[in-house]
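Visitor: coordinates only, sequence not included:
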Ligand SMILES: Nc1ncnc2c1ncn2[C@@H]1O[C@H](COP(=O)(O)OP(=O)(O)OP(=O)(O)O)[C@@H](O)[C@H]1O
């Protein structure tokens, strides 16, 4: 995906939206952080009182009670922290589930037209950012709120010792906030760029793995290393500029820490010498200062995590916010009856390329079988793709049963359409899943019959686990005709009102081909559109539409 401008406020709002999905848990974690902070800060007060008692030489029951209370405070503090951890663990699990389900629900609904220039398996790598986000959640929900609360409460507590601490604290907080606010946008932008290069490296490594044979058997070149080297250099450059922003922010926080330590100690010592505070108060103030410094350190260390979490949400949103297909409202009733098709002066181009189809006009009666012919690149498959409703950027009209294809509800249209396109593939799952795609109405008899017709039976019988055999991604290790048969059976087995088939029979023996065509015509009333340059197919079809190399209709021949 492209290097887009990232806005700090917009990204923070996005992150906030994700956290707010678990607002109850988040609120509980914050309350626990606040309580833990209060308990933590009450300890110096207890210690201060104990010291006062000791200095006054009054060892009494009060001291024992006070010590008891301080120890109890430490225990309560631990208890609150455990509770926080439990909440955070729940939130982490929910995040994982949420993104897993959202990705799997959204992927098939994405607008292919908009993502046409992307390689989806690579874009899906962004899913791993859900794990980075999980890791950041601890810091975002526990450490950071706790650190901020402790700094604020600590400064407030110090102000009780002397008002000068209030002014001092406020000035310092304002300076640090301003520095972070104005350097963060650039920090985010560089972090985003570094993340883009990280994914580019991963994508390239995946690409080497995907085309492993090409790289393995091409001797004497180091293309794979050179490209990796370039991408890694880009990553390092953006990571270095990201780190320089982080360093600026680290230094501002470190300066804050140094100034506050020095100032509080000097002011504290002065007030002690001046007898405005006593030794107990001085020691208690020091404990508070140490707690504040500890919290500031937490802020410094976790700044990186905040950026990572924001970038994770941005990256994850490349799928969760990607445009989905627009859908109409109309439902095409599911019945065993074909649909009529009409193309009226349709012109279509992929993106900004030159038109693939020019002024195409033809009509097809319901239940007809039609071949779309033309040499490679003439636009045969594009005609089928337009009928799936996935591409909408055309001029002219495409009608199904006299209604524009875009008016149909997308999932309803898909339920009524059987699609075999060259870009479809075998996926990792059982042979049965690959054939039925989870459609529980398909019977074993139907599938067996189709295996017999296509010649797949022998392959199925050779498998010890039959239809339960696990298929590898992309149908790896399968013979090409087996792979194509599985895809053909998948397309033909469920009854649909429209069949869009790209070169479905090219791999079949002549006898299997004619048996398959007879099966389809006998078992279904579907309208069947076949994109193929097969010269022998026309004899089986009601109509043959031939496209020219320019993507125009060259001829339309109806069966005599
Ligand atoms: N997603 C796409 N983005 C850009 N151009 C594309 C895309 N798909 C196809 N094309 C181009 O559109 C033209 C028509 O492609 P199409 O696949 O429809 O032709 P075809 O006649 O079916 O070819 P074949 O018989 O080789 O499958 C070709 O020049 C092809 O390169």
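Guide: Now that the structure is in, tell me what you want to look at. Just so you know, these numbers come straight off a predicted model, no measurement behind them. Numbering: from 1, shown residues only.
Visitor: interface residues of the stretch 401-550 of the chain facing the ligand?
Guide: Near the ligand, the residues belonging to the stretch 401-550 of the chain are residue 531 when assessed by CB under 6 Å from any ligand atom. To be clear about C-beta, it is placed using only N, CA and C from the backbone, and glycine gets the same treatment.
Visitor: okay, strands next: where are they in the stretch 401-550 of the chain?
Guide: Taking DSSP state E, counting those that start in this stretch, the strands of the stretch 401-550 of the chain run over residues 403-404, 417-420, 429-430, 470-471, 498-502, 527-531, 543-547.
Visitor: and residue 118, which of those strands is closest to it?
Guide: Comparison of the strands of the stretch 401-550 of the chain against residue 118 by CB to CB identifies strand 417-420 as nearest, at 20.8 Å.
Visitor: quick check: residues of the protein near the ligand?
Guide: By CB under 6 Å from any ligand atom, the residues of the chain that approach the ligand are 116, 350, 353, 356, 374, 376-382, 531.
Visitor: tell me the most buried of the strands of the stretch 401-550 of the chain?
Guide: strand 527-531 (a mean of 26; mean count of other CB atoms under 10 Å).
Visitor: ok, residues contacting it?
Guide: Applying CB atoms under 8 Å, 6 or more residues apart in numbering, the contact partners of strand 527-531 are 338-341, 364-372, 380-381, 383-384, 387, 497-504, 520, 537, 541.
Visitor: Provide a list of residues in contact with residue 96.
Guide: 130, 131, 134.
Visitor: same question for residue 422.
Guide: Counting by CB under 8 Å, 6+ apart, residue 422 has contacts 381, 502, 503.
Visitor: pretty sure the last one is touching residue 532, no?
Guide: Yes - with contacts counted by CB atoms under 8 Å, residue 503 reaches residue 532, the gap being 4.8 Å.
Visitor: looking at this protein, which helix or strand is least sure?
Guide: helix 23-55 (a mean of 77; mean pLDDT, DSSP states H and E).
Visitor: report all helices and strands that it contacts.
Guide: Packing partners of helix 23-55 (3 or more CB pairs under 8 Å, 6 or more residues apart in numbering; DSSP states H and E): helix 61-106, helix 144-161, helix 279-320.
Visitor: quick check: angle from that helix to helix 279-320?
Guide: Angle of helix 23-55 versus helix 279-320, following axes from the mean of the first three to the mean of the last three CA atoms, to 10 degrees, is 170 degrees.
Visitor: in helix 23-55, what counts as buried?
Guide: Going by neighbour count (16 or more other CB atoms under 10 Å), the buried part of helix 23-55 is 25-26, 28-30, 32-53.
Visitor: next: stretch 140-160.
Guide: 140-151, 153-155, 157-159.
Visitor: gap between it and the chain center?
Guide: Centroid displacement of stretch 140-160 relative to its chain, using CA atoms, centre = their mean, to the nearest Å, is 34 Å.
Visitor: go on, stretch 183-191?
Guide: Relative to its chain's centre, stretch 183-191 lies at 22 Å (CA atoms, centre = their mean).
Visitor: now it: mean pLDDT?
Guide: For stretch 183-191, the mean per-residue pLDDT is 86.
Visitor: quick one: pLDDT of the residue in the chain sticking out farthest from the centre?
Guide: When distances are taken from the C-alpha mean of the chain, residue 57 lies farthest, 65.9 Å away, according to CA atoms, centre = their mean. pLDDT, residue 57: 72.
Visitor: where does the nearest residue to residue 234 once chain neighbours are set aside sit: helix, strand or coil?
Guide: Leaving out its chain neighbours, the residue that sits closest to residue 234 by CB to CB, 6 or more residues apart in numbering is residue 197, at 4.8 Å. Of the three states, residue 197 takes helix according to DSSP: H, G, I helix; E, B strand; the rest coil.
Visitor: residue 197: what's it in contact with?
Guide: 231, 234, 235, 238, 239.
Visitor: in the stretch 51-200 of the chain, what residue is nearest the ligand?
Guide: When scored by CB to the nearest ligand atom, the stretch 51-200 of the chain has residue 116 as its residue closest to the ligand, at 4.9 Å.
Visitor: now the strands of the stretch 401-550 of the chain in TSV, with mean pLDDT and distance to residue 216?
Guide: Converted to TSV, the strands of the stretch 401-550 of the chain look like this (pLDDT from 0 to 100; distance: least, CB to CB, whole Å):
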stretch	mean pLDDT	distance to residue 216
strand 403-404	94	50
strand 417-420	90	32
strand 429-430	94	28
strand 470-471	92	24
strand 498-502	94	31
strand 527-531	95	35
strand 543-547	95	39
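Visitor: let me have these in a markdown table, adding distance to residue 454 as columns.
Guide: Below are the strands of the stretch 401-550 of the chain laid out as a markdown table (distance: least, CB to CB, whole Å):
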| stretch | distance to residue 454 |
| --- | --- |
| strand 403-404 | 34 |
| strand 417-420 | 12 |
| strand 429-430 | 18 |
| strand 470-471 | 17 |
| strand 498-502 | 13 |
| strand 527-531 | 16 |
| strand 543-547 | 24 |
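Visitor: which of the ones you listed sits closest to residue 14?
Guide: strand 429-430 (34.0 Å).
Visitor: in terms of secondary structure, what does the closest one contact?
Guide: strand 470-471.
Visitor: how about the spatially closest residue to residue 510 that is not a sequence neighbour, phi and psi?
Guide: Distance criterion CB to CB, 6+ apart; nearest residue to residue 510, sequence neighbours excluded, is residue 536 at 7.8 Å. Main-chain torsions, residue 536, degrees, to the nearest 10: phi -90, psi -10.
Visitor: and if you look at residue 438?
Guide: Dihedral angles (degrees, to the nearest 10) for residue 438: phi 80, psi 10.
Visitor: low-confidence stretches in the stretch 351-500 of the chain?
Guide: Residue ranges of the stretch 351-500 of the chain with pLDDT under 70: none are present.
Visitor: quick one on the thing from earlier: tally of neighbours for the residue nearest to residue 510?
Guide: 11 (other CB atoms under 10 Å).
Visitor: contact partners for residue 189?
Guide: 5, 6.
Visitor: that one: what secondary structure?
Guide: Going by three-state DSSP: residue 189 is helix.
Visitor: please apply the same query to residue 398.
Guide: strand.
Visitor: and if you look at residue 336?
Guide: Note that with three-state DSSP, the state of residue 336 is coil.
Visitor: could you do residue 359 as well?
Guide: Residue 359 ends up strand, using three-state DSSP.
Visitor: return the list of helices and strands in contact with the longest helix seen in the chain.
Guide: Assignment by DSSP state H gives helix 223-273 as the longest helix of the chain. The helices and strands touching helix 223-273, judged by 3+ CB pairs under 8 Å, 6+ apart, are helix 144-161, helix 164-210, helix 279-320.
Visitor: count of neighbours near whatever residue of the stretch 201-350 of the chain ends up closest to the ligand?
Guide: At 3.3 Å from the ligand, residue 350 is the closest residue in the stretch 201-350 of the chain, using CB to the nearest ligand atom. Using other CB under 10 Å, residue 350 has 15 neighbouring residues.
Visitor: phi first, then psi, for it.
Guide: The phi/psi pair for residue 350 (degrees, to the nearest 10) is phi -80, psi 120.
Visitor: ok, now which ones touch it?
Guide: Residue 350 sits in contact with 116, 356, where contact means CB under 8 Å, 6+ apart.
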